[in-house]
Structure formats: structure tokens, C-alpha cells
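Trainee: When you get a sec, could you give me coordinates for this:
(2 chains)
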Amino acid sequence: MTPQDEEEVRRRQKSRAVVMAVLLLAFAALVYAVSIAKMGLYGG
Amino acid sequence: MNTVTHSLPAAMPADWRDFLALTKPRVMTLVVFTGLCGLLVAPVRLPPALAFAAILCIALGAGAAAALNMWYEADIDAQMKRTASRPLPAGRMDRASALHFGVGLSFFSVLLMGVATNWVAAGILAVSILFYVFVYTIWLKRRTPQNIVIGGAAGAFPPVIGWAAATGDVTLLPVLLFSLIFLWTPPHFWALSLFVRTDYANAGVPMLPVVAGAKATRVQILLYTAPMIAAAVAPWALHLTGAVYGIAAIALSAVFALLAVQVSLNRATEPKEMGPEKRLFAFSILYLFAIFGALVADRWIGL
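Mentor: Coordinates of the predicted model:
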């Protein structure tokens, strides 16, 4: 692997990590919202 | 032929945009729209968060099926100009990554659907993904010129899933909506395939105009249009919807029928003389959006 290739690998790993972080945060928010909505339906 | 433009060094991870491209985001528009309509016309009103989760799951399931389709069809895609630049045939991603992504996304969408709404909707979502991947992509697409009919069934599931997400069951209306999209797909797609000279033949996919000729294809378009119109008008005729939908369905179907008859009378072999085919294709997209829009309007206006 050339230094340019390694740089490209790092760049892609970083952008994938950022996308993954955003998706995980969105998923956490969605699970929270779904839980609240379900409690409204069946709970209390 | 540029089947492989360049290949990645072994350890090069694919760009995240290529994973997004695997899900065919543009195809998702109609899937999300019809799924949302199915959910909105159901007699049960879901809380917004659950409705959002349901539509998200339908979109993710469609994306997962598209990714698995691309995983399996990389060889065909490489041989056709329209698809040669997709992530797999262009060598920007290895096949295993696409497979893992598709399988992972399938499980995720089905499980999230089950947890957020109900397991009937999740079950139908799972069936639709399995149907698209195994029955359509792997089994029938390369074996029969009626492949588009089978593919249409896969595309017809979203309103049923949307309905089931809200109600937990499947009644006559969602079945009619399924039939409508199922019967709409062949005229829609075959009209396109008449005037767009694709290279399906080179890739070994038996598309109807290539296998049976333009004349037979035009007859088939007309043959599918008749039951499609019956399925479109049936919800109103059976008193499952009101007059808003009934009037819209009859008016839109009349135009569709007229255009389909014009196609059946056309004898042109050159794409530039295929005005009727182009008009039918363009109108067919409007038709489906409008008829589902009318369905929702009918339910929410309540005439």
C-alpha cells in the first residue's frame, strides 16, 4: 500500500465513523421516541 | 467493455456513499409514498413517532432488498451501461461488504418494525424482502420474460405493510391496493422498455420486448391495463372509500386506458416514433401518485 492509499483508507474510515455516530445517535433518539409513544398507548 | 475499471487494494474500505447507493434511494420514493398512504388510510391512527418508525422500516427494508439485489446481480450490472457504474461492478466495494450490509439492514428493519409497531407488519416486511431477493432476483428474473410481473408483486407490498403497521391486520382494502400496484407495474415498465433500448439482452435477462417482440408487448400492456383499472375502481365500487376516490380513480383510469389503447395501436419500431409509449410511461407514474393521493384525501376529507 502506498502512502496515498493509506491516507485514503484513513479518510474513509473517519467519514464512515462519523456517519455511524450520527446514525447511532438518531437510532437512540428514535428508540426513545418510540418508547414514549408506546407508553402513551399501553401505559398509565 | 469496461466491466472492471479498477479494483480496490484489499484493505480499502468502501466509501459510505457507496453503501447509500446500494439502497437505490430514488426507487424508495414510490415505496415510501405508497407505504405512507397505506398507513394513513388505515382506520387506526398511530402516534407520529410510531408512524415515522414504520415508514422508516419500510424504506430500510426496501433499501436492504435493493442492496441484496445488487449483490447478486453484479455480473449483469457490469454488462449494462446504465448500471456499470454501480459500486460493485465499478469495483468500489467488495461483494462481501454488500452482502453483510444487505442482510444486516434486513434484520434491523424487520426487528425494528416488530418492536415499534407489531409483528404482523414485521412479518409481511420480511416476506417482501425474501420475495424480492429469492423469488424475483435469484429465481425468476433471468428465467422468464414475465419477470417484471413478479418484480411488481415485490413493489406492491408497501401499502399492505403500512396498513398492517397501523391496524395489526390485513383486510380487503390493502389487498386491493396490492393488486393495483401489482397490475400497474407491467404496463408501466413495459412501456419504458419499448422505447429505451437497454442492453438486457446482452446481459442474459429475458425482457419481454426482446424475447416476444414489440407487438406482443403492446398487447400485454393492454391485457394488464384492464384488471389494473378494475383493481383501481374496486375500493370505491365496494364502498370501502368515498366519492372523492371514486371520481379520481375513474377519471385517472380513463386516461390510462386511452393511452394504453394508443400504445396497442402503435406499430413503430424506432424509439423516436414511440410517442404513445412515452406518454403512457410518464402518465403511469403520475397515475399511481395521484390515485394514492386521492385515497388519502378521500379518507381525510371524509366525503
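
Trainee: all contacts plus neighbour counts: C-alpha atoms, from now on.
Mentor: Noted.

Trainee: What count of nearby residues applies to the nearest residue to B:A66 once chain neighbours are set aside?
Mentor: Leaving aside its sequence neighbours, B:A66 sits nearest to B:T23 (C-alpha to C-alpha, 6 or more residues apart in numbering or on different chains; 5.2 Å). Neighbour count of B:T23, defined by other C-alpha atoms under 10 Å in any protein chain shown: 25.

Trainee: now B:T23: how far from B:A165?
Mentor: Distance, B:T23 to B:A165, using C-alpha to C-alpha, to the nearest Å: 22 Å.

Trainee: which stretch of helix or strand covers residue 38?
Mentor: Unless you meant another one, I'm taking chain A. Using DSSP states H and E, A:K38 sits within helix A:3-42.

Trainee: wrong chain, I was asking about chain B
Mentor: Applying DSSP H and E, one finds B:G38 within helix B:28-41.

Trainee: Quick one: neighbours of B:T171, just the number.
Mentor: Neighbours around B:T171, by other C-alpha under 10 Å: 12.

Trainee: Got phi/psi on it?
Mentor: With angles defined as degrees, to the nearest 10, B:T171 sits at phi -110, psi -170.

Trainee: Just the pLDDT for B:P209.
Mentor: On pLDDT, B:P209 comes in at 83.

Trainee: my bad, should have said B:L8
Mentor: So, for B:L8, pLDDT stands at 53.

Trainee: And B:A268, by the same measure?
Mentor: For B:A268, pLDDT reads 79.

Trainee: need the contact list for the closest residue to it other than its chain neighbours.
Mentor: With sequence-adjacent residues excluded and distances taken as C-alpha to C-alpha, 6+ apart, B:A268 is closest to B:M274, at 6.2 Å. Contacts for B:M274 were tallied using C-alpha atoms under 8 Å, 6 or more residues apart in numbering or on different chains; they are B:195, B:266, B:268.

Trainee: Just the mean pLDDT for the top helix by length along chain B, thanks.
Mentor: Ranked by residue count and defined by DSSP state H, the top helix of chain B is helix B:275-301. Mean pLDDT, helix B:275-301: 93.

Trainee: The stretch 51-200 of chain B against chain A: which residues are in contact?
Mentor: Within the stretch 51-200 of chain B, the positions near chain A by C-alpha under 8 Å from any C-alpha of the partner chain are B:53, B:116.

Trainee: And for whatever residue of the stretch 51-200 of chain B ends up closest to chain A, the neighbour number?
Mentor: Chain A sits closest to B:A116 of the stretch 51-200 of chain B, with a gap of 6.2 Å, by C-alpha to the nearest C-alpha. For B:A116, the neighbour count with other C-alpha under 10 Å is 25.

Trainee: roughly how far out does stretch A:18-37 sit from the chain middle?
Mentor: Relative to the chain's own centre, stretch A:18-37 is displaced by 8 Å; criterion: C-alpha atoms, centre = their mean, to the nearest Å.

Trainee: Actually, stretch B:296-303.
Mentor: On C-alpha atoms, centre = their mean, the centre of stretch B:296-303 falls 25 Å from that of its chain.

Trainee: Looking at the stretch 201-303 of chain B, which residue is nearest chain A?
Mentor: Relative to chain A, the nearest point of the stretch 201-303 of chain B is B:W300 (22.2 Å; C-alpha to the nearest C-alpha).

Trainee: mind listing what that residue touches?
Mentor: B:W300 neighbours (C-alpha under 8 Å, 6+ apart): B:V41.

Trainee: neighbours around the residue nearest to B:L22 when sequence neighbours are not counted, how many?
Mentor: Nearest residue to B:L22, sequence neighbours excluded (C-alpha to C-alpha, 6+ apart): B:A67, at 4.7 Å. Neighbour count for B:A67, taken as other C-alpha under 10 Å: 27.

Trainee: pretty sure B:A67 contacts B:L20?
Mentor: No: counting by C-alpha atoms under 8 Å, B:A67 stays clear of B:L20, with 9.1 Å between them.

Trainee: Mind giving me the packing neighbours of the helix holding B:G38?
Mentor: helix B:48-72, helix B:158-167, helix B:275-301 (3 or more C-alpha pairs under 8 Å, 6 or more residues apart in numbering or on different chains; DSSP states H and E).

Trainee: for these, which one ends up most surrounded?
Mentor: Among those, ranked by average contacts under mean count of other C-alpha atoms under 10 Å in any protein chain shown, first place goes to helix B:158-167 (a mean of 29).

Trainee: could you pull out the helices for the stretch 151-300 of chain B?
Mentor: For the stretch 151-300 of chain B, the helices defined by DSSP state H, counting those that start in this stretch cover B:158-167, B:172-195, B:200-203, B:208-212, B:214-237, B:243-265, B:275-301.
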